[in-house]
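Colleague: task: produce atomic coordinates for the following.
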Amino acid sequence: MKARAIAAALALALALTGCGRSGEGPGPAVRWEMLAEEPENRAERWYDHAAPELITSDSYGLLVPYIGGEASDVDGETGWLFGLATREGLIVTDPVYTAVSLYSWYDESEGCNRSCPALVLRSAVPRETPPPDNPDIYYGSAAYDDRYGLAALDGSRYTGQIFTDIIAYTENGCLGITADGGALMLSLDFEELWSWEPGALPLDGLLEAAQSWQPFQLDGGWLAYIPDWREDETPEAYVNLADGSVQTSEPEGFGEAGDASRTGSLYDGGRYYVRGRDIIIRTNAGEEYAVSPAYGQISTRYDISGDRLLTHGGEGTALYDFTGRELRRFPGDVGFFRVNEDTPALIQKTEYLIDGDGAAYPKLRVTIYDRDGRLLMEVDGPAEQFHDRLLMADGGSCRLTDLEGRDLIRLTRPTADIPAEE
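Modeller: You can find the predicted model right below:
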């Protein structure tokens, strides 16, 4: 979805300042004194100057997003601004991104999501043409447009915010629309594989289709182009990912990527099978486990992360380890955080609470549990897990913590909107 019209984005993207090491290279951390100083605030910079964009370096290690600001859109809803920090909590970029996510794609042959060590960074830029009096004619945003860029997970490579849309993520790379109206296919090493010139896109209506939904179906080395005006959802054309060539006939073998001989349901670490009351789990390492949920916990929906199983039944949600031991039973529905494939996830319960003060929107509460079902914290704003870090907006603070809730970054949240012109 397009970036919303962000009333406070420019103000809250913060011209952060610090004192310490000078120059462009990475150096020791320096203290960042917050605009509203509070004893619990914690924020240290990698650089001693404002960092409105990612500076590439081989020294950061793993980069993680943190929440560093918030803004209101044209509907009055809250949007969040993200920056990048090291795993230890040193700030590498100011909070200038409207979204940060891990690069991932859907693997048709295995029926699951895959990811690679790259970040997708979304930012907002003012539109060149001022919006009309009625901003509702725009899809999502009146005054701002999206930009996207790719960065290595360790910050060693960065494309810049070169795309207006990324319309296909694949294991071969990504296809994006450039600001001049062309298209560019980048490898996962951010090298150009092929491009389509502006004004000469070989797919009819691609720019319009890209703004409304993801118009491609990925199958092996091909992309099937299915614009939303094709009511029967049959592909209009097929794009060869190797060279960008387009054909209207279906390629040989298209739609046969899945292995019909494979049975069971896939999870990130293997497959599981439902046999009566038993859940048979077979890991990719060749291990096999059998878990027998208690009566009332038998369901068609099971979630697995690492060596933990969640069963969803009429009596709520139950947590088991792979030995079959029940660790915790939760009233209602809980789930694992969505994380990359090699990171065991914590457990979260998201609720929207209606208070009695006539608030226009329900209040968000996220309850976070460890992998044994023990309560870690309750958060009154959004919370996400990224590798072994938690980022959240909680009470009067934006926080980046370890998985036990210890602060690595804590920033005071603004108490009122700041007009963008200020």
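Colleague: which parts of this protein are helices?
Modeller: With DSSP state H as the criterion, the chain has helices at 9-12, 206-212.
Colleague: restricting to C-alpha, output the longest one in PDB.
Modeller: Backbone C-alpha positions of helix 206-212 (Å, rounded to 0.1, in the frame of the first residue of the first chain) are rendered in PDB as follows:
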ATOM      1  CA  LEU A 206       2.000  -2.700 -15.600                       C
ATOM      2  CA  LEU A 207       2.400   0.600 -13.900                       C
ATOM      3  CA  GLU A 208      -1.300   0.800 -13.000                       C
ATOM      4  CA  ALA A 209      -1.300  -2.900 -11.900                       C
ATOM      5  CA  ALA A 210       1.700  -2.400  -9.700                       C
ATOM      6  CA  GLN A 211       0.000   0.300  -7.700                       C
ATOM      7  CA  SER A 212      -3.100  -1.800  -6.900                       C
END
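Colleague: for it, packing partners?
Modeller: strand 163-169, strand 173-178 (3 or more Cβ pairs under 8 Å, 6 or more residues apart in numbering; DSSP states H and E). Using the backbone N, CA and C atoms, a C-beta is placed for each residue, glycine as well.
Colleague: gap between it and the chain center?
Modeller: 21 Å (Cα atoms, centre = their mean, to the nearest Å).
Colleague: got a list of what residue 179 touches?
Modeller: Neighbouring residues of residue 179 by Cβ atoms under 8 Å, 6 or more residues apart in numbering: 147, 162-164.
Colleague: got a pLDDT number for it?
Modeller: Note on residue 179: pLDDT of 90.
Colleague: from residue 376, how far out is it?
Modeller: Residue 179 is 43 Å from residue 376, where distance means Cβ to Cβ, to the nearest Å.
Colleague: likewise for residue 42?
Modeller: To residue 376, residue 42 is 19 Å away according to Cβ to Cβ.
Colleague: for the stretch 301-422 of the chain, which segments count as strands?
Modeller: Secondary structure of the stretch 301-422 of the chain (DSSP state E, counting those that start in this stretch): strands located at 302-305, 308-313, 316-321, 326-330, 335-336, 347-353, 363-369, 375-379, 383-386, 389-394, 397-402, 407-412.
Colleague: for the stretch 1-150 of the chain, which segments count as strands?
Modeller: Assigned by DSSP E, counting those that start in this stretch, the strands in the stretch 1-150 of the chain fall at 30-31, 44-45, 63-72, 78-86, 90-91, 99-107, 112-126, 144-152.
Colleague: mean pLDDT, mean neighbour count and distance to residue 342 added to those strands, as JSON lines?
Modeller: Output for the strands of the stretch 1-150 of the chain, formatted as JSON lines (pLDDT from 0 to 100; neighbours: other Cβ atoms under 10 Å; distance: least, Cβ to Cβ, whole Å):
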{"stretch": "strand 30-31", "mean pLDDT": "38", "mean neighbour count": "14", "distance to residue 342": "32"}
{"stretch": "strand 44-45", "mean pLDDT": "92", "mean neighbour count": "22", "distance to residue 342": "28"}
{"stretch": "strand 63-72", "mean pLDDT": "88", "mean neighbour count": "24", "distance to residue 342": "15"}
{"stretch": "strand 78-86", "mean pLDDT": "90", "mean neighbour count": "23", "distance to residue 342": "19"}
{"stretch": "strand 90-91", "mean pLDDT": "96", "mean neighbour count": "23", "distance to residue 342": "23"}
{"stretch": "strand 99-107", "mean pLDDT": "86", "mean neighbour count": "18", "distance to residue 342": "11"}
{"stretch": "strand 112-126", "mean pLDDT": "87", "mean neighbour count": "18", "distance to residue 342": "9"}
{"stretch": "strand 144-152", "mean pLDDT": "92", "mean neighbour count": "21", "distance to residue 342": "17"}
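Colleague: quick one: closest of those strands to residue 274.
Modeller: Among those, the nearest to residue 274 by Cβ to Cβ is strand 112-126 (17.5 Å).
Colleague: which residues does residue 66 form a beta bridge with?
Modeller: residue 83 (DSSP bridges).
Colleague: quick check, it in contact with residue 86.
Modeller: No: if you go by Cβ atoms under 8 Å, residue 66 and residue 86 don't touch, sitting 10.2 Å apart.
Colleague: got the contact list for the residue nearest to residue 337 when sequence neighbours are not counted?
Modeller: Spatial nearest neighbour of residue 337, excluding adjacent residues (Cβ to Cβ, 6 or more residues apart in numbering): residue 385 at 3.7 Å. Residues near residue 385 by Cβ under 8 Å, 6+ apart: 337-339, 343, 345-346, 348, 403.
Colleague: the nearest residue to residue 283 once chain neighbours are set aside pairs with what?
Modeller: Spatial nearest neighbour of residue 283, excluding adjacent residues (Cβ to Cβ, 6+ apart): residue 270 at 4.0 Å. Taking DSSP bridges as the rule, residue 270 bridges to residue 267, residue 283.
Colleague: just residue 410 next, same as before
Modeller: Beta-bridge partners recorded for residue 410 (DSSP bridges): residue 42, residue 399.
Colleague: and residue 335, by the same measure?
Modeller: Residue 335 has the following beta-bridge partners by DSSP bridges: residue 348.
Colleague: OK, contacts around it?
Modeller: Neighbours of residue 335 in contact, by Cβ under 8 Å, 6+ apart: 303, 310, 317, 347-349.
Colleague: now render the residues you listed as a markdown table, adding pLDDT.
Modeller: Shown next, in a markdown table, are the contacts of residue 335 (pLDDT from 0 to 100):
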| residue | pLDDT |
| --- | --- |
| 303 | 92 |
| 310 | 93 |
| 317 | 91 |
| 347 | 97 |
| 348 | 96 |
| 349 | 95 |
